[in-house]
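[1] when you get a sec, could you give me coordinates for this:
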Amino acid sequence: MSSQPNITHRTGTGLKTGSNGPRTLNTYPHPYFDLSNQDVPRTVKELFRWCLFLYMSHSEIAPLINKKCSYVTTELVYNTESEKDKQAWQEVLEETLDIRAFERMMLLDYEVFGNAFCSISYPFDRRLVCQSCEASHRTQDPELTWHYREHRFVGVCPSCKHKGTFKVEDTQIKRRKAVRLIRWFPEYIQILKNEITGYTRYIYKVPRWIRKGVVNSENDQNKYLVEDMPMVFLDAIREGKDVELDADNIYHMRTEGCSYYDSSYGIPPLLTVFKDAWLYQTYRRAQEAIAVEHILPMRLLIPRPAAGDHSPHMHNDLGAWSTRMQSIVSRWRRDPNAIFTVPFPSDVQNVGGDAQALNVHNDMRQVREQIAGGLDLPADLIYGNMSWSGSSVTLRMLENTFINVIGKLERFLNKFVLERLASWGDLPDIEITHRDFKMADDAQQKQIALSLRQTNTVSDRTVMKELGFDYSTEQKYKREEEEERNSVMGRQMLAQAEAQGRAQVLSAKFEAMANSAREKAAEEEQRDAQIESYDDLTKRKGRTDITKVVEAVANPSPGELGGSKLQFSSSMLDMMADNTLKSTPPEMMDDMMQRLGKSNPQLAAAILKRQKTTTQASSATKPLPEQRPPRSPNAGI
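    I've put the predicted structure just below:
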């Protein structure tokens, strides 16, 4: 860019002289000269400004570059078995730095300017030290009032109330959430490269708006510029100098190209489509002019003479006719159903309206395809008309181009970001890659991989990699899902066993209740049968005296009621014992009890129990007094 050919350009009208002598206005001064050569950038920085203008204003270049940068920023793959290390790096890269968005911005600079510059901004704690009492205060302390005036920090010390200039102490701190990635504008970077040794120095030219903001930092809106700006930049602004960036803390991603006069900068990819972009803009201006002047026709009303007559203007006032026709047109627009009369016929002639015949859409489409080809992209990438079956070779070449860009991103990530953050933030060593870029509709290749896995020709890891999945991540997910399924199955089995146990308990409970009911019914039935047998016995023997009945019970005849083998219910025994005690004289009770003890112990035990209960009840009853209590002489009775 620094050396220009000996060409004299035509900048106005008139005859100019070139290297081959005088030329006319209809000839170009050089065989490779065209109209766009009149505005070829003279310097690299001017070239950067033109590239930025084309990216921000061109409707074909911007979407091509955006899609090219978006397709290759795939997800990160953390190659480590430690979940703790993975979470630590995810917190720094994905939550703090938003590394995927930053990689896309780096690619934008790479595709637009051909150069992308990045540095890491490490956090530091700035303190202002009073020169009177040596008290140290943070710039964010609410008690401290300070300003940056005449390139010095001045204010009032909260401790000693001294008003003056503060000393500045910056201390680097290791706070991971405060680290930042800085992207430098290529126009502000001056590269000094020694072509003999290859040593490169990077000089940052502080832009004018930053210098102006620092000088006017007494305003609260500009105070943030100096609050956390490193002192090396403030000193450079004070002295009116530039800043040399640390060679170990700057990463330069540049496009590859052939050797030329100045190889310190990468050649912007947009340079190859400058002429096509200018031609496309020319067609657009032409299309705009056609749309303005030719899209709508101009209609003319012309008086037409009747058959065999002379021209209407010979016998009529055409001014009055023109006024009447304009009035008719106005009234017709208000009332399309109105009916009008004219003195003679009129013709309508259209002027213009031929935009369709003059449009340059096909030429613009051709230039659009040339721009896409100059950027190494198919033209259908913008409009989504690409398919694997119809453009397999084109997509394979595009995939190789994207894979090359992913390689650049991985080198930037592993050789620059990870190495420096690991040593600064005490983070574990790790290798991070991007998920392989694959065409989404490459169904044939995926089907082949699945078929080979069914024949056990390739491994699961290879198939999953071909399909775009991470093997270790999927294995982890499988283990988690298996544990979850086992847990759910265990809970289901426990719930089923608990339900079965409860059912068995309820079944046993109701079975016991049924058995108790059956036993009670059988007992009642037995008692009723005993009562009936007892009644039948008394009726059959004709014994109305209870003593004789008890005697019969004590000494039963064969087949009659009584005997030790006959079991009586408790109510029956109580009734018999009560009747025995009531009907048997006291002097015969001992003899009766002896005989019952041998023949029917149940009845004997019931009688003894009854006697005991009766004796206790009699002893608990107090006898009535035998004489009256003394009375008072004054009592009425």
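
[2] average model confidence for stretch 334-350?
    Average pLDDT, stretch 334-350: 84.

[3] which SS class is the residue lying closest to Leu603 once chain neighbours are set aside?
    Nearest-residue entry for Leu603: Leu596, 5.4 Å, with adjacent residues in sequence omitted and distances by CB to CB, 6 or more residues apart in numbering. In this view, the C-beta of every residue, glycine as well, is placed from N, C-alpha and C. Secondary structure, DSSP: H, G, I helix; E, B strand; the rest coil: Leu596 is helix.

[4] how many neighbours does Leu596 have?
    Number of residues near Leu596 (other CB atoms under 10 Å) recorded here: 26.

[5] kindly report the same for the one 10 residues further on.
    The tally of other residues near Ala606 (other CB under 10 Å) stands at 22.

[6] quick check: Lys465 is in a helix.
    Yes: assessed by three-state DSSP, Lys465 belongs to a helix.

[7] looking at it now. What's its pLDDT?
    Looking at Lys465, its pLDDT reads 71.

[8] can you name the residues in contact with stretch 241-254?
    Under the contact criterion CB atoms under 8 Å, 6 or more residues apart in numbering, stretch 241-254 has outside partners 106, 109-110, 114-120, 184, 190-191, 200-206, 232-233, 236, 265-266, 408, 412, 416, 420.

[9] which helix or strand contains the nearest residue to Leu358 once chain neighbours are set aside?
    Of all residues not flanking Leu358 in the chain, Ile290 sits nearest, at 5.0 Å (CB to CB, 6+ apart). Assigned by DSSP states H and E, Ile290 falls within helix 274-294.

[10] in the helix or strand that that helix is followed by, what counts as buried?
    Going down the chain from helix 274-294, the next helix or strand is strand 298-303, by DSSP H and E. Residues of strand 298-303 classed as buried by neighbour count (16 or more other CB atoms under 10 Å): 301, 303.

[11] which elements pack onto strand 298-303?
    Packed against strand 298-303 by the contact rule (3 or more CB pairs under 8 Å, 6 or more residues apart in numbering; DSSP states H and E) you find helix 318-334, strand 346-351.

[12] contact partners of that strand?
    Contacts for strand 298-303 (CB under 8 Å, 6+ apart): 311-313, 316, 318, 321, 325, 344-352.

[13] what is the nearest of those residues to Gln492?
    Of all the contacts of strand 298-303, Gly352 has the smallest distance to Gln492: 81.0 Å, by CB to CB.

[14] now for the contacts of strand 298-303: which two are most distant?
    Within the contacts of strand 298-303, Asn316 and Gly352 form the most distant pair, 28.8 Å apart (CB to CB).

[15] any low-confidence regions in the stretch 251-400 of the chain?
    The stretch 251-400 of the chain contains residues with pLDDT under 70 at 306-310, 380-397.

[16] quick revisit: what sits against the residue nearest to Leu358?
    By CB under 8 Å, 6+ apart, the contact list for Ile290 reads 355, 358-360.

[17] now intersect these with the helices, please.
    Of the contacts of Ile290, the ones assigned to helices by DSSP state H are 355, 358.

[18] what about the closest residue to Leu377 other than its chain neighbours, helix or strand, and which?
    Setting aside the residues directly before and after it, Leu377 is nearest to Leu64 in space (CB to CB, 6+ apart), at 5.4 Å. Element membership of Leu64, judged by DSSP H and E, is helix 61-72.

[19] which strands or helices does the biggest strand by length in the chain pack on?
    Ranked by number of residues, the top strand in the chain under DSSP state E is strand 163-172. Strand 163-172 sits against strand 124-130, strand 152-156, with contacts defined as 3+ CB pairs under 8 Å, 6+ apart.

[20] same list (the ones you listed) but as JSON lines, adding mean pLDDT.
    Putting the helices and strands packed on strand 163-172 into JSON lines (pLDDT from 0 to 100) gives the following:
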{"stretch": "strand 124-130", "mean pLDDT": "91"}
{"stretch": "strand 152-156", "mean pLDDT": "88"}
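
[21] list of residues touching stretch 347-365?
    Residues from elsewhere that reach stretch 347-365, judged by CB under 8 Å, 6+ apart: 280, 283-284, 286-287, 290-291, 293-304.

[22] swap the cut-off to 7 Å and go again
    280, 283, 286-287, 290-291, 293-302, 304 (CB atoms under 7 Å, 6 or more residues apart in numbering).

[23] quick check: buried residues in it?
    355, 359, 364.

[24] run the chain-centre distance for it.
    Put simply, stretch 347-365 sits 51 Å off its chain's centre (CA atoms, centre = their mean, to the nearest Å).

[25] confirm that Val342 sits in a helix.
    No: with three-state DSSP as the criterion, Val342 is assigned coil and is not in a helix.

[26] give me the number of residues near Asp125?
    15.

[27] for it, list each beta-bridge partner.
    Note on Asp125: beta-bridge partners by DSSP bridges are Thr171.

[28] wait, isn't Ile99 in contact with Leu93?
    Yes: when contacts are counted by CB atoms under 7 Å, Ile99 is listed as touching Leu93 (4.4 Å).

[29] so what's the residue count around the nearest residue to Gly374 once chain neighbours are set aside?
    Distances taken as CB to CB, 6+ apart place Val273 nearest to Gly374, at 3.9 Å, with adjacent residues excluded. Residues within reach of Val273, counting by other CB under 10 Å, total 24.

[30] gap between Val273 and Pro343?
    Going from Val273 to Pro343 by CB to CB, to the nearest Å gives 63 Å.

[31] and if you look at Gly597?
    When distance is defined by CB to CB, Gly597 is 157 Å away from Pro343.

[32] and what of Lys241?
    88 Å.

[33] also Ser322?
    Ser322 is 12 Å from Pro343, by CB to CB.

[34] also Glu187?
    As for Glu187, its distance to Pro343 is 73 Å (criterion: CB to CB).

[35] what about the longest helix in the chain?
    Using DSSP H to assign secondary structure, the helix with the most residues in the chain is helix 471-541.

[36] and the strands in the stretch 1-150 of the chain?
    Residue ranges of the strands in the stretch 1-150 of the chain, as given by DSSP state E, counting those that start in this stretch, are 17-18, 21-22, 76-78, 115-121, 124-130, 136-138, 145-149.

[37] quick one: those as a markdown table, columns for distance to Asp85 too.
    Formatted as a markdown table, these follow (distance: least, CB to CB, whole Å):
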| stretch | distance to Asp85 |
| --- | --- |
| strand 17-18 | 67 |
| strand 21-22 | 74 |
| strand 76-78 | 8 |
| strand 115-121 | 20 |
| strand 124-130 | 27 |
| strand 136-138 | 33 |
| strand 145-149 | 42 |
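
[38] among the ones you listed, which is nearest Val463?
    Nearest of the strands of the stretch 1-150 of the chain (CB to CB): strand 76-78, 16.5 Å.

[39] so which bits of the closest one are buried?
    Going by neighbour count (16+ other CB under 10 Å), the buried part of strand 76-78 is 76, 78.
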